[in-house]
Every structure is written in structure tokens, then in C-alpha cells.
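Participant: starting from these lines, generate the structure:
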Amino acid sequence: AEPALCDQACQQARAMEARNALPRTGFYDAPDPLPPRPAGTPIRTEPANDNVVEGRPLPATRILYHSRTSKGRDVAASGVVLVPPGTPPEGGWPVVVDAHGTSGIGRNCAPSLMRDLYHGDQLSRFLERGWAVVAPDYAGLGTTGRHEFFDKTAATNDVINAMRSAREAIPGLSTRWVVWGHSQGGHAALAVAERQHATPEPGYLGSVVTSPGADLPATMELMATTPGLGVFLALVTAGAKVSQPSLPLGQVLAPPALARLNFGRTHCLPVVSTVYSGISGDQLVRPGALRQPDFARHLADNSVGRKPVGGPVLLLQGEADVVTPRWLADRLATDMCESGSHVDYRTYPGLGHDTHPGQVVGIDDGAMPDILAWTADRFTGEPAPSSCS
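Facilitator: A predicted model of the protein is given here:
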């Protein structure tokens, strides 16, 4: 059925995906059986010299490390570490941990398996400031296993354990670190910040959060009723099935959406978006699907933003964002202030969710000067401003 569902736009996206893909080698295959090790223990590293960003080679080191699933099971996860050229400063390179936005749910959707590292142009800005970048793929992307898409516990484990692993495997990294996350990664970065309140990780200085998916029930309601956004609901449902194997997919997704889900397991977001672009409403979800008990509980349990966070948060939102619109971010900022969190909330007229041809400039590009300035202040020990009265 795949060829009939994949129209010309889908075929073009497939071709672009193939041109940007790097071969997945045995490096990414987890040892079987995986010997038990503490979370954050490196499994192996290798140099990566095939990434090209803005026309220039971007040398990196691939890492495979021990993380944990949402249920606490030992699992391998992959990623890359980027280090500025030259000699590290006294105390080591400050670290930005990049929690990436939605790339897909298939193994080939790992940013470390993309020639441009998915958004390597933005990662380069951190390197230019003299900061190392640790960029986890999330378990199930690249590595053996399935991706728990939008599970906050699994995502937090992958982010923190990537940072621990990189510090052990790569010489010259500082103990000081900041998280930056966009969209799916914004959800992960907020989950990391909540973990810091309960279980502080040494050296953590704060989180930059752009265009996050935070209130999952409200976000999925929007995805279900807005043409063009159904792909995210389908992927969240697939991720919920990985975290909760008993979840009945057929009680959430309508048959046309279920028929397209295989694209999500074999292709990445640009391709899958084209396949889901024409369906919404009852073509996408079953009546009452968001109230299906297992799914509703999963969405509620994996929402973020209502618990206190550890450290400061910079929350950034584009006012032209149609994927996670401003009203959701406004409500998130209010909830965070009411929980006693330290949040600096800024919005940007004319900026959208992401950067795509023919669309407004995405928040991560338009707000990059503020992201860099706020992060620099954390590394130099300046007090973080707050929007909360």
C-alpha cells in the first residue's frame, strides 16, 4: 500500500531524506545481551568525519551509551559530541546538551545519522562560542529498540545519561551544563528541569526551552482537529504504544491513520508529514480517542510544566507558531510561575515553530541571539531574570 500513499511530495521528501542520510553501521547495534552497567556508562565511541554543516565539515565523535527506558530497563542510546577546536579552557569546555525536536520514530531518524546533524547549523553557533555540544539521538533512534516518543521519563534519562557518558568518554568537558530543547526537545528539556528539582544532577545550570509540547492532552486535541498536524498525534500514539504495550492502537487511530503508520517506522518526519497531510478529524482518530483510558493517562502522565523545576528556565515562543501556538505557551508560563519555578518567558512576533521553505523564520533561528546570551550568562554565573511577578 505504500506506493499508493506516497504522492509526488512524498517522493521528493524521500529523495531529500536519502541524500542527507549516513549509513547506519554496526556501531549503532547494541551488544546482545547488553551487559548491565550504571546509567551513563559509555559503550563505545568512534570519530565521525562525514557530517557537513553550511558547506563545511563538522568533525564529531559518535557515542553509544547506557541509558534507561521509562520503566528503568537498561538500554543503549546513541548520539554525537561536538568539541570546539583548540585547547579546552581551565575547567573544561562548558557543555550544551541538545534535546532535538521531532525527527521521527524510525531507527534511521537519529540526527547523528544525518549528514547535517538535523540542525547542525544551530549547533555550530554554540561551538563558535567555545561550548561543547552533547547531542543525544534518544533511545530507539539509531540504536536497537523502539523510540518512546514523548515519554518524559525516557527522554530525561537519555539527555542526562548522554551528558554523563560524554563527560566520561571525551576529554576536556566541563562539569557545567545547560540543556537546550526545541518542540519534542522542549518537552524533554522541561522534563529534565523537573528532574533537577527532585534529583539534582551536578553542574546543571538551567534549560532553554523553545516551542515545547508541554500540555499533551491540549496539544493532541489541537493536532486532531487541525489539518496538517495529525502526523504528530500519530507519532505520539506510536510512542505511547512502545511505553505502554497494552495500549490498543486501533481504539485511538482511525484506519487511514493506522495504514500510514508504517511510514513512520521506516521514514522520518519530512516524509511522514506528507503522508499524513491530508487526514484529520475522523480520518485520523476514533471518536473519543483522547479519552481512551490508557491513552488519556499516558498523555496526562507525560505532560510537563506544572511541577516545580530546578534551576532557571528560558521559555521562548514564536507568535506565528501554528504547531504549538502561543496560547499554549502563555498558559505554560503561567503554570510554571504558579508552581514557584524560575522562568523567563519571551515571545517573538512573526516567528513560527520551525524553519521550512516558504514559511516564516523559526523560533530557534530568530531567537538565537537571546539563546546564546542567556546561556553565556549561566556559564559566567550571572543571576537569571524571571518573568514571574
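
Participant: over to Arg378: give its phi and psi.
Facilitator: Main-chain dihedrals, Arg378, degrees, to the nearest 10: phi -70, psi -40.

Participant: what about the closest residue to it other than its chain neighbours, which SS state?
Facilitator: Leaving aside its sequence neighbours, Arg378 sits nearest to Leu205 (CB to CB, 6 or more residues apart in numbering; 4.1 Å). The C-beta positions use only the backbone N, C-alpha and C, and glycine is treated the same way. Counting by DSSP: H, G, I helix; E, B strand; the rest coil, the backbone at Leu205 sits in strand.

Participant: so Leu205 sits against Asp377, correct?
Facilitator: No - between Leu205 and Asp377 there is no contact under CB atoms under 8 Å: 9.5 Å.

Participant: picking up where we left off before, what sits against the residue nearest to Arg378?
Facilitator: 176-178, 311, 378-379 (CB atoms under 8 Å, 6 or more residues apart in numbering).

Participant: pick the one among those closest to Arg146.
Facilitator: Trp177 (27.7 Å; CB to CB).

Participant: who does that closest one bridge with?
Facilitator: Val95, Tyr204 (DSSP bridges).

Participant: and the gap between the residue nearest to Arg378 and Val133?
Facilitator: Distance, Leu205 to Val133, using CB to CB, to the nearest Å: 15 Å.

Participant: nearest spatial neighbour of Gly250, skipping sequence neighbours?
Facilitator: Per CB to CB, 6+ apart, closest to Gly250 is Leu258, 6.6 Å.

Participant: secondary structure element holding the one you found?
Facilitator: Element membership of Leu258, judged by DSSP states H and E, is helix 255-266.

Participant: can you pull the buried residues of that helix?
Facilitator: Buried residues in helix 255-266, counted by 16 or more other CB atoms under 10 Å: 257, 259-261, 263-265.

Participant: likewise for stretch 77-90?
Facilitator: 77-84, 88.

Participant: what's the span of that stretch, first residue to last?
Facilitator: 30 Å (CA to CA, to the nearest Å).

Participant: avg pLDDT for that stretch?
Facilitator: Average pLDDT, stretch 77-90: 97.

Participant: confirm Ala214 sits in a helix?
Facilitator: No - Ala214: not assigned to a helix; according to three-state DSSP it is coil.

Participant: okay, the closest residue to it other than its chain neighbours and Gly181: tell me how far apart.
Facilitator: Leaving aside its chain neighbours, Ala214 sits nearest to Gly305 (4.2 Å; criterion: CB to CB, 6+ apart). Going from Gly305 to Gly181 by CB to CB gives 13 Å.

Participant: equivalent analysis for Gln122, please.
Facilitator: 12 Å.

Participant: the residue nearest to Ala214: what secondary structure?
Facilitator: coil.

Participant: then the one 5 residues further on?
Facilitator: Here Gly310 is recorded as coil under three-state DSSP.

Participant: list the residues that contact it.
Facilitator: By CB under 8 Å, 6+ apart, the neighbours of Gly310 are 193-198, 200, 204.

Participant: how about Tyr348?
Facilitator: Contacts of Tyr348 by CB under 8 Å, 6+ apart are 316-319, 363, 366-367.

Participant: which parts of the stretch 251-389 of the chain are helices?
Facilitator: All helices of the stretch 251-389 of the chain, identified by DSSP state H, counting those that start in this stretch, fall at 255-266, 269-276, 293-301, 326-338, 363-366, 368-380.

Participant: wait, which of the ones you listed is closest to Asp137?
Facilitator: Per CB to CB, nearest to Asp137 of the helices of the stretch 251-389 of the chain: helix 269-276, 13.9 Å.

Participant: what's the angle from that closest one to helix 255-266?
Facilitator: 160 degrees (axes from the mean of the first three to the mean of the last three CA atoms, to 10 degrees).

Participant: now do stretch 137-146, average pLDDT.
Facilitator: Rounded mean pLDDT across stretch 137-146 is 96.

Participant: put the alpha carbons of that stretch into CSV.
Facilitator: Extracted in CSV, the C-alpha atoms of stretch 137-146 (Å, rounded to 0.1, in the frame of the first residue of the first chain):
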residue,chain,number,x,y,z
ASP,A,137,19.5,10.8,19.5
TYR,A,138,17.1,9.3,22.1
ALA,A,139,17.0,5.6,22.6
GLY,A,140,15.4,3.7,19.7
LEU,A,141,16.7,6.3,17.1
GLY,A,142,19.8,4.9,15.5
THR,A,143,20.1,2.2,18.2
THR,A,144,18.5,-1.2,18.6
GLY,A,145,15.0,-1.0,20.1
ARG,A,146,11.9,1.3,19.7
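
Participant: please enumerate residues in contact with it?
Facilitator: 24, 28-30, 32, 64, 67, 69, 75-79, 100, 103-113, 147-148, 154-155, 157-158, 188, 242.

Participant: got a ChimeraX select line for the buried ones in those?
Facilitator: Applied in ChimeraX, the following selects the buried portion of those according to 16+ other CB under 10 Å:
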select :24,28,30,64,67,69,75,76,77,78,79,100,103,104,105,106,107,108,109,110,111,112,113,147,148,154,155,157,158,188,242
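
Participant: if I've got this straight, Val209 is in a helix?
Facilitator: No - applying three-state DSSP, one finds Val209 to be strand, outside a helix.

Participant: quick check: it vs Tyr138, distance?
Facilitator: Val209 is 17 Å from Tyr138, by CB to CB.

Participant: cool, Glu221 as well?
Facilitator: With CB to CB as the criterion, Glu221 and Tyr138 are 25 Å apart.

Participant: quick one: which of the two has more around it?
Facilitator: Tyr138 (31 against 15; other CB atoms under 10 Å).

Participant: the more buried one and Gly239, how far apart?
Facilitator: Taken as CB to CB, the span from Tyr138 to Gly239 is 10 Å.

Participant: shared neighbours of the two, anything?
Facilitator: 147-148.

Participant: tell me who's in contact with Gln251.
Facilitator: 286, 289, 292, 295.

Participant: out of those residues, which comes closest to Ala4?
Facilitator: Looking across the contacts of Gln251 and measuring by CB to CB, the closest to Ala4 is Arg286, at 23.0 Å.
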